[in-house]
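> when you get a sec, could you give me coordinates for this:
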Amino acid sequence: MKNINIFSCFRIIFVCLSVFFITSCGDSDQSDRKVFDYNLRGTWLSADNSVFAGELVIEYNRITIIGYQESQSLVHGVDDEKRPFRGFTKETPLIGYSEEGFFYIQTAGDWKAIPYMYFTENSVRDRFLRFNFGEREELLRRVAD
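Residues are numbered from 1 along each chain as shown. This next block holds a predicted model:
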């Protein structure tokens with residue numbers, strides 16, 4: 001009789017542990033999969049600083065936009081609608097990820113999608129990102145991993 005009670009007790013413990021592991025290790029949170037592609041991670045600088053100067057620091061699931069301030073539009077007399085990353089929080093890491101030719105960046109609680117093109121020159125040594133902001137192209141060159 002004692003063997004049956006011990007066996008039943010172990011079976012209950014096993015079932016409880018199984019349920020615990022299944023629920024705690026499940027695939028309920030997809031946020032870990034929303035990251036920037038490995039090729040996009042690093043520091044990127046404006047390739048043409050004639051009007052706007054800026055920098056992107058892209059990490060696993062964060063992006064920091066440096067520069068591209070409103071004052072650059074005023075100094076150069078350029079239409080502010082064409083300023084890269086207009087309306088994004090600057091100098092602060094923002095949550096984001098890349099997917100199918102788009103950057104998705106959360107700023108001020110809203111998600112914004114920005115189309116981009118990644119390409120290389122000189123057999124992958126020179127890497128570039130190209131964006132389009134209000135009919136103005138912005139080209140950035142990767143300067144650090």
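> point out where this protein drops to low pLDDT.
Residue ranges of the chain with pLDDT under 70: 1-32, 49-50, 72-78, 80.
> ranges for the helices of it?
For the chain, applying DSSP state H gives helices covering 2-24, 70-76.
> beta partners of Glu138?
Beta-bridge partners recorded for Glu138 (DSSP bridges): Phe131.
> thought it was touching Pro84?
Yes - counting by C-beta atoms under 8 Å, Glu138 touches Pro84, with 4.4 Å between them. From N, CA and C alone the C-beta is placed, and that goes for glycine too.
> tell me which of these two has more neighbours.
Pro84 (24 against 21; other C-beta atoms under 10 Å).
> so what's the more buried one up against?
52, 54, 68, 131, 133, 136, 138 (C-beta atoms under 8 Å, 6 or more residues apart in numbering).
> in PyMOL, how would I select just the buried ones from the residues you listed?
Selection of buried members from the contacts of Pro84 for PyMOL, criterion 16 or more other C-beta atoms under 10 Å:
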select buried, resi 52+54+68+131+133+138
